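1. when you get a sec, could you give me coordinates for this:
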Amino acid sequence: MIKKILWCMLLSFLFVSHAHAEHEHISVQLKWKHDFQFTGFYMALEKGFYQNNGLDVRLIEGGPNKSPVDSVLKNSAMYGVASTGALIEHSKGKPIQAVGAIFQYSPLALMVKEDAGIQSFADLSGKRIMLQKGYLNAGIIAALQKVGVREQDFVRQDISYKISDLLENRTDAYAIYATNQPYKLDVKEIPYRILGLQEQGIEFYSDIVITSEKEVRDHAARVQAFMEATSLGWRYAFEHLNETIDLILEKYNTQNLTRNHLQFEARASMNYILPDVVKPGYMNMFRWKKIAKVYSDQGFLPEDYPVERFVYLPNKSLSDFVEQYLWQILLVVMVLLTIFFAISALTMQRLVKRKTAALEASEKSAESLLEVLDVGVVVHKDGHPLYANPYAMTCFQVDASDNIYQKNILQFVHPDDREAAKQRLQNIKPDHHGYERVPVRYVGDRGRLIDADAFCVPW
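-> Take a look at the predicted model:
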């Protein structure tokens, strides 16, 4: 009898231990108060995606006095949702790492009144601009500097968090999230203009998922399980918007937002998260280095700071990435060629009119994918470039798009490899369906030598 009792106790202990191993407890400090901004986390929790990955997740609502970085460092949360400024905190010796980026482009922007006569960032010289302190609005400062507006060229005001200051002419431009504040003016039918960072090529991520260096080092599988489930949550949210908004209204509406407000946020957020283009959570080192350059230019970060220490990318292999997304890249190239020929020849006008909204959205998604890839893509006809994505432009050290379009693509190939490259291009036939990866040496506009693997694809 005693043996049976001991055996049952042992089985119970093993069962409990197994259950704990399967469902590890995780807490997540959100960046701000409950909002559509964190919908992917809600749906991953409510639909059981975290549980399916062996995680028991608790979401902690944010607020004005809650720092996700501090929460992670003090172990009051295992993960946090922070800004790209977490990179600056890392440079100060705080042992944190970025494990994912939810927003592929930051919705941070400036709002101006429609009748203010301000059409672009260049028009803000001499104007009053309400901004947050420190590095939080570094992207806006960078956009202003791009058009020659230095910090001494405008009046910087501390943000009041009252949009009425803009409406009542106490400021000329007001820092906002383009996914949120514009709704309030839409309801009141007040005309406005938004100046976005992307207009000036400032490509910040937003809503960065962070955790401790110890978590990444000791529990890499758990990090991956958490991010996989979170990504599923975001995809589900955008595919089931009505269900998602119903859930927020029922369980996560501490700000008392209306259904119409949440629907506005959902539509706007899609333009920055790009769920149909890239996997939610995706980030690449090329983009992070550009962000670091903006911070270092403004004195927030040491020059040439080793971003690799902060950004955790479990799959860093470029060749693996190309293999995984090869056919998507080919599809993008084909779509872009269709667009280029439609514009240049003007023979596709009737066909374009018959295009459905779904196709137009697909083309936009394809073009957006090329913009964020850390793979150089050049489309050319008879050696004359028709398109080069930002990564290729950077590799070739080309400052302006006109510079690359006026050259022959073979000019960028190392002289010793040029004849072989020319021969390969001539040997490619239109009906060729395979591809071949070959090493090629390229030379940038300023003499930089680039060793790369090249793919030649016919169209």
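
2. strands of this structure, start to end?
-> 24-29, 55-60, 79-82, 96-103, 108-113, 128-131, 155-158, 173-177, 192-196, 206-212, 378-381, 384-388, 437-443, 449-455 (DSSP state E).

3. looking at the ones you listed, which is nearest to residue 237?
-> Using CB to CB as the measure, strand 96-103 is the one of the strands of the chain that comes nearest residue 237, at 11.2 Å. All C-beta spots, glycine's among them, are computed from the backbone N, C-alpha and C.

4. now do the closest one against strand 173-177, angle only.
-> Strand 96-103 runs at 100 degrees relative to strand 173-177, counting by axes from the mean of the first three to the mean of the last three CA atoms, to 10 degrees.

5. and the contacts of strand 96-103?
-> 40, 69, 72-73, 79, 81, 86-87, 89-90, 205-213, 216, 223, 226-227, 230-231, 234, 269, 272-273, 280-283, 288, 310-312 (CB atoms under 8 Å, 6 or more residues apart in numbering).

6. please convert the buried members of those into PyMOL selection syntax.
-> The buried residues among the contacts of strand 96-103 can be selected in PyMOL (16 or more other CB atoms under 10 Å) with this line:
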select buried, resi 40+69+72+73+79+81+86+87+89+90+205+206+207+208+209+210+211+212+216+223+226+227+230+231+234+269+272+273+280+281+282+283+288+310+311+312
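
7. need phi/psi at residue 181.
-> phi -60, psi -30 (degrees, to the nearest 10).

8. how about it, nearest residue that isn't a chain neighbour?
-> Distances taken as CB to CB, 6 or more residues apart in numbering put residue 163 closest to residue 181, at 5.9 Å, once the chain neighbours are dropped.

9. the one you found contacts residue 184, doesn't it?
-> Yes: between residue 163 and residue 184 there is a contact under CB atoms under 8 Å: 6.3 Å.

10. settle it for me: which of these two has more neighbours?
-> When residue 163 and residue 184 are compared on other CB atoms under 10 Å, the one with more neighbours turns out to be residue 163, at 18 against 15.

11. show me what contacts the more buried one?
-> The contact partners of residue 163, by CB under 8 Å, 6+ apart, come to 111, 174, 176, 181, 184, 185.

12. thought residue 409 was touching residue 378?
-> Yes: using CB under 8 Å, residue 409 makes contact with residue 378 at a distance of 6.3 Å.

13. the more surrounded of those two?
-> For residue 409 and residue 378, the more surrounded residue by other CB under 10 Å is residue 409, and the numbers stand at 21 against 18.

14. what is the neighbour count of residue 419?
-> Residue 419 has 11 neighbours, counted by other CB under 10 Å.

15. swap in residue 391?
-> Residues lying near residue 391 (other CB under 10 Å) number 19.

16. and for residue 187?
-> Residues near residue 187, counting by other CB under 10 Å: 12.

17. spatially nearest residue to it (excluding sequence neighbours)?
-> Residue 187 sits nearest to residue 260 (CB to CB, 6+ apart), 7.9 Å away.

18. measure the one you found to residue 271 for me?
-> Remark: distance between residue 260 and residue 271 (CB to CB, to the nearest Å) = 18 Å.

19. please apply the same query to residue 185.
-> 18 Å.

20. repeat that for residue 383.
-> Counting by CB to CB, the gap from residue 383 to residue 271 is 35 Å.

21. compare the two (neighbour count), which wins?
-> Legend: neighbour count by other CB under 10 Å for residue 383 and residue 271, higher for residue 271 (17 against 13).

22. can you pull the pLDDT of the more buried one?
-> At residue 271, the pLDDT value in this model is 95.

23. show residues contacting stretch 253-269.
-> In contact with stretch 253-269 (CB under 8 Å, 6+ apart) are residues 33-37, 39, 61, 103, 107, 178-180, 182-183, 186-187, 238, 241, 244-245, 248-249.

24. apologies, that question was intended for stretch 122-141.
-> Stretch 122-141 is contacted from outside by 83, 85, 88, 106, 108-110, 117-118, 144, 147-149, 151, 153-160, 165-166, 170-175, 197, 202, 204, 294-295, 298, 300, using CB under 8 Å, 6+ apart.

25. what about those, which are in helices?
-> 88, 144, 165, 166, 294, 295 (DSSP state H).

26. could you provide these in CSV, with additional columns for distance to residue 131 and pLDDT?
-> Formatted as CSV, these follow (distance: CB to CB, whole Å; pLDDT from 0 to 100):
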residue, distance to residue 131, pLDDT
88, 16, 97
144, 10, 97
165, 12, 96
166, 13, 97
294, 15, 96
295, 16, 96
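
27. are any of those residues buried, and which?
-> Taking 16+ other CB under 10 Å as the criterion, what is buried in the ones in helices among the contacts of stretch 122-141 is 88, 144, 165, 166, 294, 295.

28. from those, pick the one nearest residue 392.
-> Taking CB to CB as the measure, residue 392 lies nearest residue 294 of these, at 20.9 Å.

29. mind listing what the residue nearest to the closest one when sequence neighbours are not counted touches?
-> The shortest distance from residue 294 to any non-neighbouring residue, by CB to CB, 6+ apart, is to residue 142 (4.6 Å). Residue 142 is in contact with 197, 200, 202, 294, 297, 298, counting by CB under 8 Å, 6+ apart.

30. for the first one, which non-adjacent residue is closest in space?
-> Of all residues not flanking residue 197 in the chain, residue 139 sits nearest, at 4.9 Å (CB to CB, 6+ apart).

31. can you list the low-confidence ranges for the stretch 1-150 of the chain?
-> 1-22 (pLDDT under 70).

32. try 90
-> By pLDDT under 90, the low-scoring segments of the stretch 1-150 of the chain are 1-23, 64-65, 133-134.

33. what does the stretch 251-400 of the chain give?
-> 277, 314-400.

34. go again with 70.
-> 315-335, 337-374, 395-400.

35. now the spatially most central residue of the chain: closest residue in space that isn't a chain neighbour?
-> Closest to where the C-alpha atoms of the chain average out (CA atoms, centre = their mean) is residue 104, at 1.4 Å. What sits nearest to residue 104 in space, not counting adjacent residues and going by CB to CB, 6+ apart, is residue 274, at 4.8 Å.

36. ok, that neighbour touching residue 203?
-> No: counting by CB under 8 Å, residue 203 is not a contact partner of residue 274; they are 12.0 Å apart.

37. residues contacting residue 224?
-> With contacts defined as CB under 8 Å, 6+ apart, residue 224 is in contact with residue 314.

38. from residue 283, how far off is it?
-> With distances taken as CB to CB, residue 224 is found 14 Å from residue 283.

39. what backbone torsions are found at residue 75?
-> According to degrees, to the nearest 10, residue 75 has phi 60, psi 20.

40. how many neighbours does it have?
-> For residue 75, using other CB under 10 Å, the count is 10.
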